[in-house]
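Participant: Starting from these lines, generate the structure:
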Amino acid sequence: MKKSLLFILPAMVLATSCVDTLDDYNIDPKRPLSGQVPGTTLVSSAERSLVRTLVSSSVNLNPFRLYTQYWAETTYFDESIYDIKTRNINGGFWTALYRDVLRDLQEARTIINANTDPTFDPKVKANQLASIEVLEVYAWATLVDTFGDVPYSEALDFTKAPKYDDDMVIYNDLITRLDRAIGQFDVASEGLGSADLIYGGNVKEFVKFANSLKLRLALTIADKDQAKAKTLAEAAAKAALISSNEENAAIEFQSSNPNTNPLFEDLVQSGRNDFVGTSVFIDKLNMLNDPRVDNYFKARGGVYKGGVYGTSNNYASFSAPGAAQESATHPGVLLSYSQVEFLLAEAVERGFAVGGTAKSHYDNAVTASIQEWGGTTAEATAYLAQPTVNYLTATGDYREKIGTQKWIALYDQPVDSYREYRRLDYPKLTKPAGALSNLPNRFPYPVVEQNLNAANNSAAAAAIGGDNVDTKIFWDVR
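Facilitator: Down below sits the predicted model:
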């Protein structure tokens, strides 16, 4: 280190005769000047941040594996009893989406729009902008699904304190934007190229992702606006949707830092043993003879055993998350083929003309999930043949049948699982004995908003009926 300083200091002294002011020293050589960052690079950054945020198990950011009672905690269990404020979890999630995802996407759009290079193919430009729009719709919908009313129309403008927009109004606008983006794609032209970490620049696959997202938004609002949901779902089903596990909207993480799966970082690299499966989830898997149990968890003494949700658990006594989630390269999924098939099954039950039967789509969804986790078609067939799983004989109405199996399939997509649990009202989860509140219907607004955007934040809290965890998102009407 001393030798390095000796080499650097003379260089700095010699340089003094070549500059006019000390400002010339105030330049970070590793930080690109304004206008030098390619817009597509910012899209890569946004995709990476989005996926990492949604699949993380960090208790400072994403507690949704706990809320949907997949996992219990070991030493500390504050998050399992819904202590949101101590670690500012809601603030972490809010900031990650606004600053690290939406802000990057906004800047990417600005740079790409400003590119007047005559060699820049207008169709490629249109595909890049449409891709950005799809990702923005996904991120905005996630914010609404988690908080309700949020800053939207005036957001990301640092010259003003933004107002909060009504959550249903935001959703309606997102649907309009998504439709516009889908119509803007030209699958015969290139798009983001290698900057697209999800599909590697395959525009055709990105369009399937967009249509599948449209289907998801349609079913999300179905209890609130059945007619609009029907129109949207039927239009999406006529288009190309994600139709195999190979087409999942996902990022394949790398084996070395800083691009490993955050689950690997939390479960392995940290050296900590913070999580085990819950008895709520593992008992259900065992009862149904679910072939995914050995992929989802590790056996303890030759059996799969869950801990008690909402209290501390001895790590060595219960089944910990499985080897797949401990892999640095484990994919992070935004939207899966299994999800699409479950949505189609529900659409059929609602009387939407999307083709197929509820059973055929349900079977496809369950099979896709089992195969996604390394299971075989034979395992899926045997599983679906059980009276407790078979769509024609399983207990309950379509909400219970689909909701239960969707909960199992979305094990590794906790933010989606949290939305679907609230929307379908299955499975029936109960709060632990020591809970600080009911199981949250939403995150309350971050403290920073209360401090720096007080007037608009207060107005938003009043508009939604109170800034608390019992207030429901507009689509949650049951």
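Participant: Residue 157: how many residues sit nearby?
Facilitator: Other residues lying near residue 157 total 11 when counted by other CB atoms under 10 Å. Quick note: C-beta positions are derived from backbone N, CA and C, even for glycine.
Participant: That one sits in which helix or strand?
Facilitator: In the assignment (DSSP states H and E), residue 157 maps to no helix and no strand.
Participant: what do you get for residue 277?
Facilitator: Residue 277 belongs to strand 275-277 when assigned by DSSP H and E.
Participant: For stretch 359-370, which residues meet the burial criterion?
Facilitator: Residues 361, 362, 363, 364, 365, 366, 367, 368, 369, 370 are the ones in stretch 359-370 that count as buried (16 or more other CB atoms under 10 Å).
Participant: before we move on, what about stretch 457-473?
Facilitator: Residues of stretch 457-473 classed as buried by neighbour count (16+ other CB under 10 Å): 457, 460, 461, 464, 467, 469, 471, 473.
Participant: can you give me phi and psi for the nearest residue in space to the second one that is not next to it in sequence?
Facilitator: To tie it back to what came earlier, the one meant is residue 460. Excluding the flanking residues, the one nearest residue 460 by CB to CB, 6 or more residues apart in numbering is residue 164, at 3.6 Å. Per-residue torsions, residue 164: phi -100, psi 140 (degrees, to the nearest 10).
Participant: Residue 164 bridge partners, please.
Facilitator: residue 151 (DSSP bridges).
Participant: related to what we said a few turns ago, so which elements touch the strand holding residue 277?
Facilitator: Applying 3 or more CB pairs under 8 Å, 6 or more residues apart in numbering; DSSP states H and E, one finds that strand 275-277 contacts strand 71-73.
Participant: and the following helix or strand past the strand it packs on, average pLDDT?
Facilitator: For strand 71-73, the succeeding helix or strand toward the C-terminus, using DSSP H and E, is helix 89-95. The predicted model gives helix 89-95 an average pLDDT of 98.
Participant: Next: stretch 341-361.
Facilitator: 98.
Participant: And that stretch, how far out from the chain middle?
Facilitator: Counting by CA atoms, centre = their mean, to the nearest Å, stretch 341-361 is centred 24 Å from the centre of its parent chain.
Participant: got the buried residues for that stretch?
Facilitator: Per 16+ other CB under 10 Å, stretch 341-361 contains these buried residues: 341-350, 352, 354, 356, 358, 361.
Participant: Also stretch 378-386?
Facilitator: 379, 380, 383, 384.
Participant: Now the element after the one helix or strand the third one maps to, going C-ward?
Facilitator: Mapping residue 383 onto the secondary structure by DSSP H and E places it in helix 377-385. Stepping forward along the backbone from helix 377-385, the first helix or strand reached (DSSP H and E) is helix 398-409.
Participant: Outside of that following helix itself, which residues are in contact with it?
Facilitator: Residues outside helix 398-409 that contact it (CB atoms under 8 Å, 6 or more residues apart in numbering): 68, 284-285, 290, 292, 336, 338-339, 342, 345-346, 349, 358, 362, 365-366, 369, 389, 391, 394-396, 417, 420-421, 424-427.
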